[in-house]
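**Student:** Have a look at this fold, sequence not included:
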(Lines give C-alpha, C1' and ligand atoms only; values in the text may rest on other atoms or scores of the structure.)
Protein backbone atom coordinates (compact mmCIF):
# COMPACT_ATOMS: atom_id res chain seq x y z
CA UNK A 1 0.00 0.00 0.00
CA UNK A 2 2.93 2.35 0.50
CA UNK A 3 4.07 2.61 -3.13
CA UNK A 4 0.64 3.39 -4.60
CA UNK A 5 0.19 6.01 -1.89
CA UNK A 6 3.59 7.56 -2.65
CA UNK A 7 3.02 7.56 -6.41
CA UNK A 8 -0.40 9.16 -5.92
CA UNK A 9 1.21 11.75 -3.67
CA UNK A 10 3.83 12.54 -6.31
CA UNK A 11 1.16 12.91 -9.00
CA UNK A 12 -0.86 15.25 -6.76
CA UNK A 13 2.32 17.21 -5.92
CA UNK A 14 3.11 17.55 -9.63
CA UNK A 15 -0.40 18.80 -10.36
CA UNK A 16 -0.34 21.21 -7.42
CA UNK A 17 3.09 22.63 -8.28
CA UNK A 18 2.16 22.98 -11.95
CA UNK A 19 -1.06 24.81 -11.09
CA UNK A 20 0.69 27.06 -8.59
CA UNK A 21 3.46 27.94 -11.02
CA UNK A 22 0.90 28.86 -13.68
CA UNK A 23 -1.37 30.89 -11.40
CA UNK A 24 1.20 32.41 -9.03
CA UNK A 25 4.63 32.03 -10.66
CA UNK A 26 6.59 33.82 -7.96
CA UNK A 27 4.55 32.99 -4.85
CA UNK A 28 4.04 29.39 -5.97
CA UNK A 29 7.69 28.68 -5.21
CA UNK A 30 7.10 29.15 -1.50
CA UNK A 31 5.04 25.98 -1.18
CA UNK A 32 6.84 22.70 -1.90
CA UNK A 33 4.36 19.82 -2.24
CA UNK A 34 7.14 17.41 -3.21
CA UNK A 35 8.82 18.01 0.13
CA UNK A 36 5.57 17.08 1.87
CA UNK A 37 5.48 13.75 0.04
CA UNK A 38 9.10 13.04 0.97
CA UNK A 39 8.60 13.95 4.63
CA UNK A 40 5.40 11.90 4.92
CA UNK A 41 7.09 8.92 3.26
CA UNK A 42 10.02 9.16 5.63
CA UNK A 43 7.81 9.58 8.70
CA UNK A 44 5.42 6.74 7.94
CA UNK A 45 7.51 4.24 5.96
CA UNK A 46 11.09 4.78 7.16
CA UNK A 47 14.36 6.06 5.79
CA UNK A 48 14.70 3.74 2.78
CA UNK A 49 11.27 4.61 1.46
CA UNK A 50 11.88 8.27 2.30
CA UNK A 51 15.08 8.21 0.26
CA UNK A 52 13.42 6.54 -2.72
CA UNK A 53 10.49 8.95 -2.56
CA UNK A 54 13.01 11.79 -2.33
CA UNK A 55 14.80 10.54 -5.42
CA UNK A 56 11.57 10.37 -7.41
CA UNK A 57 10.31 13.72 -6.11
CA UNK A 58 13.60 15.46 -6.82
CA UNK A 59 13.89 14.07 -10.34
CA UNK A 60 10.32 15.07 -11.15
CA UNK A 61 10.98 18.53 -9.77
CA UNK A 62 14.23 18.90 -11.70
CA UNK A 63 12.85 17.61 -14.99
CA UNK A 64 9.50 19.37 -14.89
CA UNK A 65 10.40 22.71 -13.33
CA UNK A 66 13.93 23.15 -14.59
CA UNK A 67 17.28 23.43 -13.05
CA UNK A 68 20.75 24.04 -14.37
CA UNK A 69 21.96 20.72 -12.95
CA UNK A 70 19.48 17.87 -13.25
CA UNK A 71 19.52 15.83 -10.08
CA UNK A 72 20.32 18.61 -7.63
CA UNK A 73 16.82 18.60 -6.16
CA UNK A 74 16.92 14.79 -6.11
CA UNK A 75 20.14 14.81 -4.11
CA UNK A 76 18.67 17.29 -1.65
CA UNK A 77 15.40 15.36 -1.30
CA UNK A 78 17.29 12.07 -0.78
CA UNK A 79 19.06 13.58 2.22
CA UNK A 80 15.80 14.99 3.61
CA UNK A 81 13.98 11.67 3.15
CA UNK A 82 16.77 9.78 4.89
CA UNK A 83 17.06 12.24 7.78
CA UNK A 84 13.32 12.30 8.44
CA UNK A 85 13.00 8.54 8.09
CA UNK A 86 15.93 7.88 10.39
CA UNK A 87 14.51 10.25 12.99
CA UNK A 88 11.06 8.66 12.70
CA UNK A 89 12.42 5.18 13.36
CA UNK A 90 14.20 6.36 16.50
CA UNK A 91 11.71 8.87 17.91
CA UNK A 92 7.95 8.94 18.19
CA UNK A 93 6.83 11.55 15.68
CA UNK A 94 3.09 11.06 15.56
CA UNK A 95 1.61 14.16 17.19
CA UNK A 96 0.63 17.13 15.08
CA UNK A 97 3.03 19.46 16.88
CA UNK A 98 6.03 17.19 16.36
CA UNK A 99 5.15 16.74 12.71
CA UNK A 100 4.82 20.51 12.39
CA UNK A 101 8.33 20.90 13.80
CA UNK A 102 9.71 18.16 11.54
CA UNK A 103 8.18 19.83 8.49
CA UNK A 104 9.49 23.22 9.59
CA UNK A 105 13.00 21.84 10.10
CA UNK A 106 12.89 19.81 6.87
CA UNK A 107 11.94 22.89 4.87
CA UNK A 108 14.78 24.89 6.38
CA UNK A 109 17.21 22.02 5.80
CA UNK A 110 16.00 21.55 2.22
CA UNK A 111 16.58 25.21 1.36
CA UNK A 112 19.96 25.40 3.07
CA UNK A 113 21.29 22.14 1.62
CA UNK A 114 20.09 23.06 -1.86
CA UNK A 115 21.77 26.44 -1.56
CA UNK A 116 25.07 24.82 -0.52
CA UNK A 117 24.90 22.26 -3.33
CA UNK A 118 24.23 25.07 -5.77
CA UNK A 119 27.41 26.77 -4.58
CA UNK A 120 29.41 23.56 -4.99
CA UNK A 121 28.17 23.01 -8.54
CA UNK A 122 28.37 26.74 -9.32
CA UNK A 123 24.69 26.89 -10.19
CA UNK A 124 22.80 30.14 -9.70
CA UNK A 125 20.15 29.65 -7.02
CA UNK A 126 17.67 32.19 -5.79
CA UNK A 127 18.45 32.96 -2.19
CA UNK A 128 15.60 33.56 0.22
CA UNK A 129 15.85 36.18 2.87
CA UNK A 130 15.65 35.02 6.46
CA UNK A 131 12.03 36.14 6.66
CA UNK A 132 11.25 34.41 3.35
CA UNK A 133 12.92 31.23 4.52
CA UNK A 134 10.97 31.14 7.77
CA UNK A 135 7.76 32.06 5.92
CA UNK A 136 8.30 29.18 3.51
CA UNK A 137 9.00 26.81 6.39
CA UNK A 138 5.89 27.96 8.26
CA UNK A 139 3.68 27.64 5.17
CA UNK A 140 4.92 24.12 4.41
CA UNK A 141 4.60 23.11 8.06
CA UNK A 142 1.04 24.40 8.46
CA UNK A 143 -0.25 22.97 5.18
CA UNK A 144 1.67 19.73 5.61
CA UNK A 145 0.46 19.16 9.16
CA UNK A 146 -3.13 19.63 8.05
CA UNK A 147 -2.70 17.32 5.07
CA UNK A 148 -0.98 14.67 7.21
CA UNK A 149 -3.88 14.74 9.68
CA UNK A 150 -6.43 14.28 6.88
CA UNK A 151 -4.41 11.51 5.25
CA UNK A 152 -3.86 9.66 8.53
CA UNK A 153 -7.59 9.80 9.33
CA UNK A 154 -8.49 8.43 5.91
CA UNK A 155 -5.89 5.67 6.12
CA UNK A 156 -7.12 4.65 9.58
CA UNK A 157 -10.70 4.42 8.27
CA UNK A 158 -9.56 2.37 5.26
CA UNK A 159 -7.66 -0.11 7.45
CA UNK A 160 -10.43 -0.60 10.04
CA UNK A 161 -12.87 -3.40 9.17
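**Tutor:** Yes, it's here. Because the structure is predicted, anything quoted here is derived from the model rather than measured.
**Student:** Go ahead and flag the most central residue of this structure.
**Tutor:** residue 35 (0.8 Å; CA atoms, centre = their mean).
**Student:** Confirm for me that that one is in contact with residue 140.
**Tutor:** Yes. With contacts counted by CB atoms under 8 Å, residue 35 reaches residue 140, the gap being 6.2 Å. (Glycine included, C-beta is placed from N, CA and C.)
**Student:** Please report the distance of the residue nearest to the centre of the chain from residue 156.
**Tutor:** From residue 35 across to residue 156, the span is 24 Å (CB to CB, to the nearest Å).
**Student:** just residue 149 next, same as before
**Tutor:** 11 Å.
**Student:** The two: which is more packed in?
**Tutor:** Legend: neighbour count by other CB atoms under 10 Å for residue 149 and residue 156, higher for residue 149 (12 against 9).
**Student:** Identify the residue nearest that one in space, chain neighbours excluded?
**Tutor:** residue 96 (6.2 Å; CB to CB, 6 or more residues apart in numbering).
**Student:** what do you get for residue 76?
**Tutor:** Nearest one to residue 76, counting by CB to CB, 6+ apart, is residue 114 at 4.7 Å.
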